[in-house]
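1. quick one, structure for this:
(one chain, ligands or ions: 1)
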Amino acid sequence: MSLWRIKGGSALEGSLTVQGAKNAVLPILAATILKGCETEFTNCPVLRDVEASLNILRYLGCQVERQEDVIRVDSRPMTGCSIPHELMREMRSSVIFLGAVLARCGEARLSMPGGCELGPRPIDLHLNAMEALGGRVRQEGGEIFCSAPVLRGGSIHLEMPSVGATENAMIAACAAKGETVITNAAREPEITALQGFLRTMGADIEGAGTPVIKVHSFAPADRTGYRIMPDRIAAATMLCACACAGGDVELRGIDPCHTESVTENLEAMGAKVERYSRRLRIRCRERLHGGRTVITQPYPGFPTDAQPLMMAASLKASGTTVFVENIFSERYRQAEELKRLGADIRTEGRVAIVTGVERLRGAPVLAEDLRGGASLILAGLGAEGETIVTDRGHVERGYEGLDKALNALGAQVAKYESDTDPR
Ligand code: EPZ
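-> Numbering: from 1, shown residues only. The predicted structure follows:
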């Protein structure tokens, strides 16, 4: 168990380079097994979810090595086509391996990923996509059995623009004979990143970033390399950290378009933001005021992953900020813990209403999911006294050295392992 001790009251000043994107590297690592090939990735973040993916690749028989931000995968020796429960449960999004295993082996056996802290995580859209490509799907005893001796191109319409289902469909379609058209596809930048990687593997694929993606079977490459895009949610986290603590922060290596819905909202609250081609600067010198209603939607709408972070930024803003969470049913878990710091938050179903308070006071709180845990750490930056966040590994799933990054900007965050819970 990790304890994060945050001493509030220090403004953030300085510049930092944003980590590589968790939600880009995970589907790309899965795609390495599409065909036997050697791949080298750079700008890979050090995260628990990445380690979980590397363990799955090793279990399937791939050679995997890591040196700092470089990951090398040799998927030529892959032999397995099943992923056991203990590995599937390690990472929420391990279902992303379904399309790649099915495409490589003609069959796949994965345990159901189950629900998570954010609520139910159905995978019906993933399974429908595999069936649309000729796969036969059976669910039994908590496992998914999928077989497709031959994958055939087809039309895949996603009832909702699911990120993971779009990625699984793209990956499997690369091995299908004929053209596949995916409609109502997710448009997140991580989808475009996956398309970029698949093209280096020889895939004939277009349309990522739009609702229609077309894939033709591909001429596999034997060796390829790819640089992981910057993490737009990690960037949003640092923007909101500056909103919580006050200060002047520059983020390097980020595409400002990827965080526009968040920066625009912070500007509406009174933050000053400067946008450059590959960096952002945010200044928060005065007390912010209640922003617009924050309605989470698929990209390019306001990202659900930034909702807890924006909630932290709104706690001391004058006036009221309303949140509507449309993506996950349990994404206000941080609210009860934030109220222990003195926040005024009322939640009712998908709506949360934050009424800004003058002061927050540090207290022991519990991280119950990845972004909710980050929101508690951010709120502690703007609280008087010390906040202690107890975290059973959630924050490390998605953030590489969040304590070091914040301390480099002048925060006072100490993270250490402990087996006693101070609450
Ligand atoms: C991805 O999850 C991200 N994870 C999530 O980030 C992110 O919150 C989410 O997309 C939405 O942007 C990764 O990329 C690894 P979805 P994913 O399928 O693919 C419903 C983080 O904090 N749905 O787009 O699982 C589902 O219940 C994580 O970094 C179905 O109904 O999200 C949800 O309501 C959290 N059937 C909605 O779609 C399905 O078959 C969006 O889910 C699949 C999804």
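
2. show me which residues of this structure sit near the ligand.
-> 22-23, 26, 93, 121-126, 160, 162-165, 186, 304-305, 327-328, 370-371, 398 (Cβ under 6 Å from any ligand atom). Heads up, the C-betas are built off the backbone N, CA and C, glycines and all.

3. of those residues, keep whichever come out buried.
-> Neighbour-count burial (16 or more other Cβ atoms under 10 Å) applied to the residues of the chain next to the ligand gives 22-23, 26, 93, 121, 123, 125-126, 162-165, 186, 304-305, 327-328, 370-371, 398.

4. which ones among these are found in helices?
-> 22, 23, 26, 125, 126, 163, 164, 165, 370, 371, 398 (DSSP state H).

5. ok, the fifth one - contacts?
-> When you say that, I think you mean residue 126. 95, 98, 99, 162, 164, 165, 168 (Cβ atoms under 8 Å, 6 or more residues apart in numbering).

6. now do the contacts for the fourth one.
-> Residue 162 makes contact with 125, 126, 186 under the criterion Cβ under 8 Å, 6+ apart.

7. what is the nearest of the residues you listed to the ligand?
-> Nearest to the ligand among the contacts of residue 162, counting by Cβ to the nearest ligand atom, is residue 125 at 3.2 Å.

8. the closest one - nearest residue in space that isn't next to it in sequence?
-> residue 165 (3.7 Å; Cβ to Cβ, 6 or more residues apart in numbering).

9. hmm, back to that, same list, the ones in helices among the buried ones among the residues of the chain next to the ligand, but as TSV with pLDDT please.
-> TSV is the format used below for those (pLDDT from 0 to 100):
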residue	pLDDT
22	97
23	98
26	98
125	97
126	97
163	98
164	98
165	98
370	96
371	97
398	95
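
10. just the residues you listed now: which is nearest residue 347?
-> residue 371 (15.7 Å; Cβ to Cβ).

11. surely the closest one is in contact with residue 311?
-> No - using Cβ atoms under 8 Å, residue 371 is not in contact with residue 311; the gap is 9.7 Å.

12. now for those two: what residues contact both?
-> residue 334.

13. so what's the nearest residue to residue 60 once chain neighbours are set aside up against?
-> Spatial nearest neighbour of residue 60, chain neighbours left out: residue 80 (4.2 Å); criterion: Cβ to Cβ, 6+ apart. Contact analysis of residue 80 by Cβ under 8 Å, 6+ apart lists 59, 60, 61.

14. with residue 361 instead?
-> Residue 361 neighbours (Cβ under 8 Å, 6+ apart): 341, 342, 383, 384, 385.

15. mind giving me the PyMOL select for the residues you listed, buried ones only?
-> In PyMOL, this line selects whichever of these come out buried by 16+ other Cβ under 10 Å:
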select buried, resi 341+342+383
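
16. looking at the contacts of residue 361, spot the one nearest the ligand.
-> residue 341 (21.7 Å).

17. sec struct for the closest one, please.
-> With DSSP: H, G, I helix; E, B strand; the rest coil as the basis, residue 341 sits in coil.

18. separation between it and residue 334?
-> 11 Å (Cβ to Cβ, to the nearest Å).

19. please apply the same query to residue 152.
-> When residue 152 is compared with residue 334 (using Cβ to Cβ), they lie 45 Å apart.

20. likewise residue 376?
-> 6 Å.

21. joint contacts of these two?
-> Common neighbours of residue 376 and residue 334, using Cβ under 8 Å, 6+ apart, are residue 312.

22. what residue in the stretch 301-423 of the chain comes nearest to the ligand?
-> residue 305 (4.3 Å).
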